[in-house]
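Asks: Make a model of this:
(one chain, ligands or ions: 1)
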Amino acid sequence: MMGRLSGKVALVTGGAQGIGAAIARKFREHDAVVVIGDIQREKGSALAESIGGHFVELDVTQPESWTNAIEGIVADHGGIDVLVNNAGDGTGGPIESTPVEAHQKVVDLNLNGVWLGIRAAVPTLAARGGGSIVNISSIDGLAGVSHLSSYVATKFAVTGITKSLALELGDRGIRVNSVHPGMVDCTHERGMHPMAMARIQKAVERQPIKRMAKVEEIANAVLFFASDESSYCTGSELLVDGGHLAGPYRDAMS
Ligand SMILES: NC(=O)c1ccc[n+]([C@@H]2O[C@H](COP(=O)([O-])OP(=O)(O)OC[C@H]3O[C@@H](n4cnc5c(N)ncnc54)[C@H](O)[C@@H]3O)[C@@H](O)[C@H]2O)c1
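Replies: Numbers count the residues shown, from 1 in each chain. Got it, this is the predicted structure:
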């Protein structure tokens, strides 16, 4: 049976671990040629080798790093059909004590990284007759969170970039959509402060689905947008959040 991404070349940023690694694995299961782009060479190469994919060293915050990575992929594989902008991170804290540099770092990675990536990839996507760009935003790209203003700002920006570029690139057959994970269980890879863990636990207990997401559950949503099954979707956002943003979830009867 042919995989759902058969014949497609996909670049997954931040694919060395966490959600990105699950996306890379899922894409390989569906027969895509997968290139993991990450700053973690050792980890990214090892994963690429284990799944039958490829690795390219890529710092998404650097325009020239994007140019080199895309040129390499075009030379090796003929072009790119799917770009997943997944690399992202963020720290929290009160705004007045957050160092400006920490804020700028988050903006550079989560916002500029996505914008630069799309800018660099459009020529090859267009040359292939179109393609799919999937941006990983968050529930925090649709609702505010206190003590997380830098991260939230950048994830709202990803929602905006997605919609603006869906309009701008539609004529060239390029679709742009965003996936919004809720609380995802990748704590075994990243570690997590016990206080943050306790907050997440409290939050998931209020959800209709009272657990964190498995990384595969996020990858499934990305697979849909990457594949031709989503051929009529562009500028759209898909929540994968266990119902977190469905509402306050209070029982009207109690
Ligand atoms: N984990 C969650 O609960 C959650 C929830 C909502 C949204 N998200 C989003 O999902 C995405 C992935 O999150 P994760 O939890 O898997 O993160 P993670 O920290 O486990 O992995 C991020 C990957 O990005 C790479 N990376 C970091 N800086 C980079 C750079 N400059 N260039 C290229 N690669 C770089 C890292 O090396 C790492 O492999 C992020 O955009 C995050 O904001 C995560």
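Asks: from the chain's centre, how far out does stretch 50-69 sit?
Replies: Distance of stretch 50-69 from its chain centroid, counting by C-alpha atoms, centre = their mean, to the nearest Å, is 15 Å.
Asks: so how far is the first residue of that stretch from its last?
Replies: 21 Å (C-alpha to C-alpha, to the nearest Å).
Asks: State the mean pLDDT of it.
Replies: Mean pLDDT, computed over stretch 50-69, is 98.
Asks: What are the buried residues along that stretch?
Replies: By neighbour count with 16 or more other C-beta atoms under 10 Å, stretch 50-69 contains the buried residues 51, 53-62, 65-66, 68-69. C-beta coordinates here come from the backbone N, C-alpha and C atoms, glycine included.
Asks: Quick check, D108 in contact with Q62.
Replies: No. In terms of C-beta atoms under 8 Å, D108 does not count as a neighbour of Q62; the distance is 9.4 Å.
Asks: which bits of the protein sit near the ligand?
Replies: Within the chain, the residues that sit near the ligand (C-beta under 6 Å from any ligand atom) are 13-14, 16-20, 38-40, 58-61, 86-89, 109, 136, 138, 181, 183-184, 186, 189-190.
Asks: just the buried members of the residues you listed?
Replies: Among the residues of the chain next to the ligand, those scoring as buried are 13-14, 16-20, 38-40, 58-61, 86-88, 109, 136, 138, 181, 183-184, 186 (criterion: 16+ other C-beta under 10 Å).
Asks: In strands, which of those appear?
Replies: Mapping those onto strands (DSSP state E) picks out T13, D38, I136, P181.
Asks: what about the first one, distance to V134?
Replies: This means T13. Separation of T13 from V134 (C-beta to C-beta, to the nearest Å) stands at 11 Å.
Asks: overlap in contacts of these two?
Replies: Shared contacts of T13 and V134 (C-beta atoms under 8 Å, 6 or more residues apart in numbering): L83, V84, N85.
Asks: Out of the residues you listed, which comes closest to the ligand?
Replies: N85 (7.9 Å; C-beta to the nearest ligand atom).
Asks: What's the local residue count around G235?
Replies: By other C-beta atoms under 10 Å, the residues close to G235 number 16.
Asks: just the one 5 residues further on next, same as before
Replies: One way to gauge burial is a neighbour count; for V240, by other C-beta under 10 Å, it gives 18.
Asks: how close does it sit to M183?
Replies: 10 Å.
Asks: ok, now G37?
Replies: 26 Å.
Asks: likewise G53?
Replies: Applying C-beta to C-beta to G53 and M183 gives a distance of 27 Å.
Asks: again, but for K26
Replies: Distance of K26 to M183, given as C-beta to C-beta: 20 Å.
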